[in-house]
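Colleague: let me see the structure of the following:
(chains A and B)
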2 protein chains.
Amino acid sequence: MRSTLLSRRDLEFLLYEWLDVESLTRRARYAEHSRETFDAVLDLSEQLATKYFATHNKLNDTHEPTFDGDTVTLIPEVGQALAAFAEAGMVGATMDAELGGAQLPAAIAQAGFAWFHAANPGTSAYPLLTIGNANLLAAHADPRLVQRFVPPMIEGRFFGTMCLSEPQAGSSLADIVTRAEPCDDGTVGVSEPGPEAVAKRHHAGPSPDQYRLFGTKMWISGGDHELGENIVHLVLAKIPGGPAGTKGISLFVVPRFLVHEDGSLGERNDVALAGLNHKMGFRGTVNTVLNLGEGRWTPQGAAGAIGYLVGEPHQGLKYMFHMMNEARSGVGLVAAALGYTGYLESLDYARTRPQGRTKGAADPAAPQRPIIEHTDVKRMLLAQKTYAEGGLALVLYCARLIDEQHTAESEEERRARTLLLDILTPIAKSWPSQWCLTANDLAIQVLGGYGYTREYNVEQHYRDNRLNPIHEGTHGIQGLDLLGRKVTQHGGASLHELDGRVRATLAAAQELGGEPAELADRLENSWTRLIAVTGSLFATGDIEVALANSSVYLEAFGHHVVAWIWLDQMLATHGRTGDFYDGKRHAARYFFRHELPRTGPQLDLLAGLDTTTVDMAENWF
Amino acid sequence: MRSTLLSRRDLEFLLYEWLDVESLTRRARYAEHSRETFDAVLDLSEQLATKYFATHNKLNDTHEPTFDGDTVTLIPEVGQALAAFAEAGMVGATMDAELGGAQLPAAIAQAGFAWFHAANPGTSAYPLLTIGNANLLAAHADPRLVQRFVPPMIEGRFFGTMCLSEPQAGSSLADIVTRAEPCDDGTVGVSEPGPEAVAKRHHAGPSPDQYRLFGTKMWISGGDHELGENIVHLVLAKIPGGPAGTKGISLFVVPRFLVHEDGSLGERNDVALAGLNHKMGFRGTVNTVLNLGEGRWTPQGAAGAIGYLVGEPHQGLKYMFHMMNEARSGVGLVAAALGYTGYLESLDYARTRPQGRTKGAADPAAPQRPIIEHTDVKRMLLAQKTYAEGGLALVLYCARLIDEQHTAESEEERRARTLLLDILTPIAKSWPSQWCLTANDLAIQVLGGYGYTREYNVEQHYRDNRLNPIHEGTHGIQGLDLLGRKVTQHGGASLHELDGRVRATLAAAQELGGEPAELADRLENSWTRLIAVTGSLFATGDIEVALANSSVYLEAFGHHVVAWIWLDQMLATHGRTGDFYDGKRHAARYFFRHELPRTGPQLDLLAGLDTTTVDMAENWF
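Modeller: Now for the predicted structure:
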């Protein structure tokens, strides 16, 4: 039976026929790999996701984590699934071999992860966070911290979190108040204090200096549980006396249990669970409020959560944002995977549910026909197909860029890929979050009353996916990031990079002639206008007016990017025959006819420098 | 403190300043009423909704009805709220005084009901269904049936349901298989059998003939519970030997308990609860599968659910559809009320939640500002305002038309109002269901992570409101109803009526000059194009092509209708000053700038007779 999680056929098309991921094996980092090892990862991911993750997705939803004041309890299936995940080497899929990783391209790893997200996003969130955490440490932390914390995460013994928000500081990280005080008790380093460590602190360059942290962190997914031996929190905090705002934020490793030099666990650290948040969806992922340094525990004899500085003081946000491209496109991947599985479930339903008759056979005595034959149902399936496959394609495209960035053969190539990723990331995060949620809405609609019941899966997808436009930077934040930063940064260099890619696809399509050329002409007109409108927004010199409709800009920009992704996919089908390729071409056609035109009025609004929202007075509400 | 359920100020504007509902008191039916009695209904509705309904809305969600195989248990707050509702005379608000009703205009009653829907749609669904049921009986049933069943419903002792769907027949009612067999045991009439009744059957014109029903009904809201003394099911079924398809459907009253001639309760009827459906939202309303005639009970000594024919045989669907205008605009009202309360809750949050700084004060040492000052938050609030107030206005406009229809002074007036209601009904049902759900989505987004938690109300609104595009005819069904029936019926007479109304508003706005005239010109251009496109769709003679994009048509049509409603509201603010009126005008402006233009690409698609969805082959998915 064909899986309703994802389409393996589509993944193979995207990875091999479109993105030519095999060619990455010519790069030294991936030289040990081949199409065979890539396929093995996809096989294993589908198997594990189907066997261990999909089987408790509903249970995760109906039996959310509980907290009895002492311990957080998850259903046991979560731990079993995560053990299988770690045992398969998936946590370290993309990490360096020397740390115990498999050094796979991100494009393959993300394709593998997509199976788990489609099957059970509540459970797959634990390793997703752990991977982000380990990647950040590997890139920015002192080698001793890396050695202490990263391999156990790869082995599945430690889990990781990211602690950014606080009750009074969500989108506005400048306003965090968690403070990190340098230890005045002479304790330094990841191990117990000693003269050697103290000497190191003063003489050996950047070292994992020890601090005591005090504050409250909000919305911490995976913040407390008994899944593994330890939880490694990455915490943003301010060192007293540092600069105000975001420039005074530093990053710390704060383990739930201290870790001795030999890797064995020490005392419980002063990180206390203050309570759980209860969400509409994504219920399988425990979401917590954590109190650091409330004195519930007294590690090394005193209150205060012991934390180790990552990199340099006051550079914490920079490190976080360095990982943000991956974290945000990870959110996009979850959104796309949920959109995809909802699409396939509603497709299955539409093929088998008889209801009504098509126009040709209105005789009430004739048997009812499967609803897939109704035009409006085809519309809802086709829209889902373009959202789910388009979203997944976009995220895998970004993953491919990350691989090129990591293995760039020149500084120029690295910089070019970084610029491109910078501008695509808000789209890779927001577009699937918006449109694959719309896909889930359509999946419910295809199932009708049944889709609204908890006896089917699609309502859960809809609830789960609703988180994605919120976390890791809301939709509004992505719009400001795109228009207020990414399109203008480095003199428009990111936009220039993207423009080059889009125009290369347009040129290839125009050279082919026929339908691809026709679609390319349409996109070229609209894309050229988008670029012109972007310039005109900033020509006023009034930043408030320029950014007034940044969310509208984000949507318009996103639809252009995905139209380009669809056209590029269409090019990859050139000369190929069969239902699969016909379906891809028809989906591209649908996107150009039904979706891209939505951007016309959006560009009109932007071009007119509309200030309706700015002009609204608070008292008028 | 200002209510976050609805805005009383806006209701007064809509009812008195815009719709001039007071003028209805000049009609005989409403002559006993006055602005004072109308205001008393609004006062009482707000009070009861706040005191008895809002207080258990969350509890309804977390403690949904249970079924132990014998009895359905609801939380006790539901019964208490409904007793208060009935005691206040709200069930019979619009019904004839001679049946015990208050004979209020529908416009006032709907404004009153809106409070209850905003406060607790799960609980308010019980009287909503009861009212629809009682109205149908009053209009179409034999007086003896009316007398037997309607007054107890008005008194709150009996509840009502509508039993249309079956497991194999949802949207396609032609395929119901529940059968109604004329009693061959000589039993006839609502009372016990007797020679007089038999005689009546053959000689006394339409009588409440007795049948035995057998079949399964699906999605029956309020299908079983212990709230009152009895449940009155209105059941669609087929009398063997009748015409195939929808032309062979008859309507029956099937009480849970038989009712003696003196009004006392008799035997339990053979209507068995087969199980409950468990929904994503709207959990407070028990939703059931009912087995009729499975033999669990043997009323009058035999298996088979005893039912009494309503009106003539084979006319059941006509009676149902006669009530459909009210039922469907009732769904629109619930959707609008949920959109409204979500808007007000997110508005309150935005006024009080400090987060970040506006451009003028980017100094991180300055205090954070309430998020309502951020342009993108204003956008989300303004969009919600136009959806919620626009949706509510549309539904109240329709209610006003129902009042004119009921009290028409000429057959011509009655027909004109009916034609207008016919074409507005799919919009009044679908537009709030779509856009007030979008409003709820935006409310979550305004609250960010908090909005995604069950500690706040907005996530429940989002889940509750998701039902509305499904029940009482899905969005797709509304599109087919609008384009395939309503715009063409009677030679386009309904469209002609609406066109007259729209153009009257346009003319009035153009005469005023200034901004109203400018907006009117825009709407006139687009409206004229919509009418032209409607004609061109049918010019092909290919019905499949004409209806291919009926859902797109529905959306485009809906946005035009609501643009007209907004322009008409703007006219009602003419010459008035103050924040409230400024807000109304700015909302109208927003709708014309940000919303109406969405229809441009939709009309392009329709005008081009796009067949992308028709052309999609099933194997291409």
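Colleague: what mean pLDDT does the helix or strand where A:Tyr387 lies have?
Modeller: Assigned by DSSP states H and E, A:Tyr387 belongs to helix A:375-406. The pLDDT scores in helix A:375-406 average 97.
Colleague: show me what it packs onto, helices and strands only.
Modeller: The contact analysis (3 or more CB pairs under 8 Å, 6 or more residues apart in numbering or on different chains; DSSP states H and E) places helix A:375-406 against helix A:106-119, helix A:316-352, helix A:411-447, helix A:550-572, helix A:579-590, helix B:475-481, helix B:550-572, helix B:612-615. For the C-beta atoms, the positions are set from N, CA and C on the backbone; glycine is no exception.
Colleague: need the winner for burial among the ones you listed.
Modeller: helix A:106-119 (a mean of 27; mean count of other CB atoms under 10 Å in any protein chain shown).
Colleague: may I see the buried residues of the following helix or strand past that one?
Modeller: Counting by DSSP H and E, the next helix or strand C-terminal to helix A:106-119 is helix A:121-140. By neighbour count on 16 or more other CB atoms under 10 Å in any protein chain shown, the buried set for helix A:121-140 is A:121-138, A:140.
Colleague: just stretch A:26-35 next, same as before
Modeller: Here stretch A:26-35 shows A:Arg27, A:Arg29, A:Tyr30, A:His33 as buried, counting by 16+ other CB under 10 Å.
Colleague: for stretch A:84-98, same thing?
Modeller: Result for stretch A:84-98 [16+ other CB under 10 Å]: buried residues A:Ala84, A:Phe85, A:Ala86, A:Ala88, A:Gly89, A:Met90, A:Val91, A:Gly92, A:Ala93, A:Thr94, A:Met95.
Colleague: of the residues you listed, closest to B:Ala587?
Modeller: Nearest to B:Ala587 among those is A:Thr94, at 49.3 Å by CB to CB.
Colleague: check contacts around the spatially closest residue to that closest one that is not a sequence neighbour.
Modeller: Of all residues not flanking A:Thr94 in the chain, A:Ala109 sits nearest, at 4.7 Å (CB to CB, 6 or more residues apart in numbering or on different chains). The neighbours of A:Ala109, taking CB atoms under 8 Å, 6 or more residues apart in numbering or on different chains as the test, are A:Val41, A:Met90, A:Ala93, A:Thr94, A:Ala399.
Colleague: before we move on, back to that, could I get the buried residue list for the helix holding A:Tyr387?
Modeller: A:375-405.
Colleague: for stretch A:366-377, same thing?
Modeller: A:Gln368, A:Arg369, A:Pro370, A:Ile371, A:Ile372, A:Glu373, A:His374, A:Thr375, A:Asp376, A:Val377.
Colleague: quick one: pLDDT of the closest residue to chain B within the stretch 51-200 of chain A?
Modeller: In the stretch 51-200 of chain A, the residue that lies nearest chain B is A:Ser172 (4.0 Å; CB to the nearest CB). Note for A:Ser172: predicted pLDDT of 91.
Colleague: what about the strands in the stretch 51-200 of chain A?
Modeller: Counting by DSSP state E, counting those that start in this stretch, one finds strands in the stretch 51-200 of chain A at the ranges A:66-67, A:72-73, A:158-163, A:179-182.
Colleague: tally of neighbours for A:Gly535?
Modeller: 12 (other CB atoms under 10 Å in any protein chain shown).
Colleague: can you tell me which helices and strands the helix or strand where it lies packs against?
Modeller: Assessed by DSSP H and E, A:Gly535 sits inside helix A:514-539. Counting contacts by 3+ CB pairs under 8 Å, 6+ apart, helix A:514-539 packs against helix A:489-512, helix A:543-547, helix A:550-572, helix A:579-590, helix A:599-607.
Colleague: for it, the distance to its chain's centre please.
Modeller: Centroid displacement of helix A:514-539 relative to its chain, using CA atoms, centre = their mean, to the nearest Å, is 28 Å.
Colleague: same check, this time on stretch A:391-399
Modeller: Centroid displacement of stretch A:391-399 relative to its chain, using CA atoms, centre = their mean, is 11 Å.
Colleague: quick check: nearest residue in space to A:Thr407, chain neighbours excluded?
Modeller: That would be A:Arg27: by CB to CB, 6+ apart, it lies 4.4 Å from A:Thr407.
Colleague: do I have it right that the one you found meets A:Glu413?
Modeller: No: A:Arg27 lies out of contact with A:Glu413 (CB atoms under 8 Å); the separation is 11.1 Å.
Colleague: now list whatever residues contact both of these two.
Modeller: Residues touching both A:Arg27 and A:Glu413 (CB under 8 Å, 6+ apart): there are none.
Colleague: show me the shaky parts of the stretch 1-150 of chain A.
Modeller: Scanning the stretch 1-150 of chain A for pLDDT under 70 picks out nothing.
Colleague: ok, back up a step: relative to helix B:550-572, how tilted is the helix holding A:Tyr387?
Modeller: If you take axes from the mean of the first three to the mean of the last three CA atoms, to 10 degrees, helix A:375-406 sits at 90 degrees to helix B:550-572.
Colleague: what angle separates helix A:375-406 from helix A:316-352?
Modeller: Using the same axes, to 10 degrees: helix A:375-406 against helix A:316-352 is 150 degrees.
Colleague: A:Gly132 contacts A:Phe159, correct?
Modeller: No: counting by CB under 8 Å, A:Gly132 stays clear of A:Phe159, with 11.4 Å between them.
Colleague: please save the CA atoms from stretch A:144-162 in PDB.
Modeller: C-alpha atoms of stretch A:144-162 as PDB (Å, rounded to 0.1, in the frame of the first residue of the first chain):
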ATOM      1  CA  ARG A 144      35.700  21.000  25.500                       C
ATOM      2  CA  LEU A 145      32.100  21.900  25.600                       C
ATOM      3  CA  VAL A 146      31.500  20.300  22.300                       C
ATOM      4  CA  GLN A 147      33.200  17.100  23.400                       C
ATOM      5  CA  ARG A 148      31.300  17.100  26.600                       C
ATOM      6  CA  PHE A 149      27.800  17.600  25.200                       C
ATOM      7  CA  VAL A 150      27.600  16.900  21.500                       C
ATOM      8  CA  PRO A 151      28.500  13.200  21.300                       C
ATOM      9  CA  PRO A 152      25.900  12.200  23.900                       C
ATOM     10  CA  MET A 153      23.300  14.100  22.000                       C
ATOM     11  CA  ILE A 154      24.200  12.300  18.800                       C
ATOM     12  CA  GLU A 155      24.000   9.000  20.700                       C
ATOM     13  CA  GLY A 156      20.500   9.900  21.900                       C
ATOM     14  CA  ARG A 157      21.500  10.000  25.500                       C
ATOM     15  CA  PHE A 158      21.200  13.700  25.900                       C
ATOM     16  CA  PHE A 159      18.500  15.900  24.500                       C
ATOM     17  CA  GLY A 160      18.700  19.600  23.700                       C
ATOM     18  CA  THR A 161      16.600  22.700  23.900                       C
ATOM     19  CA  MET A 162      16.800  26.400  22.800                       C
END
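Colleague: ok, and for it, which residues are buried?
Modeller: Neighbour-count burial for stretch A:144-162 [16+ other CB under 10 Å]: A:144-146, A:148-162.
Colleague: among those, which are in reach of chain B?
Modeller: With CB under 8 Å from any CB of the partner chain as the criterion, the buried residues of stretch A:144-162 include none near chain B.
Colleague: dihedrals phi and psi, the closest residue to A:Ala97 other than its chain neighbours?
Modeller: Of all residues not flanking A:Ala97 in the chain, A:Gln103 sits nearest, at 4.9 Å (CB to CB, 6+ apart). Main-chain torsions, A:Gln103, degrees, to the nearest 10: phi 50, psi 40.
Colleague: check contacts around A:Gln103.
Modeller: Counting by CB under 8 Å, 6+ apart, A:Gln103 has contacts A:Arg29, A:Tyr30, A:Glu32, A:His33, A:Thr94, A:Met95, A:Asp96, A:Ala97.
Colleague: of those, which is the nearest to B:Thr534?
Modeller: For the contacts of A:Gln103, the nearest to B:Thr534 is A:Thr94 (55.0 Å; CB to CB).
Colleague: residues of the stretch 201-350 of chain A that sit close to chain B?
Modeller: Contacts of the stretch 201-350 of chain A with chain B, taken as CB under 8 Å from any CB, map to A:Met218, A:Trp219, A:Ala244, A:Gly245, A:Thr246, A:Asn277, A:His278, A:Lys279, A:Met280, A:Gly281, A:Leu347.
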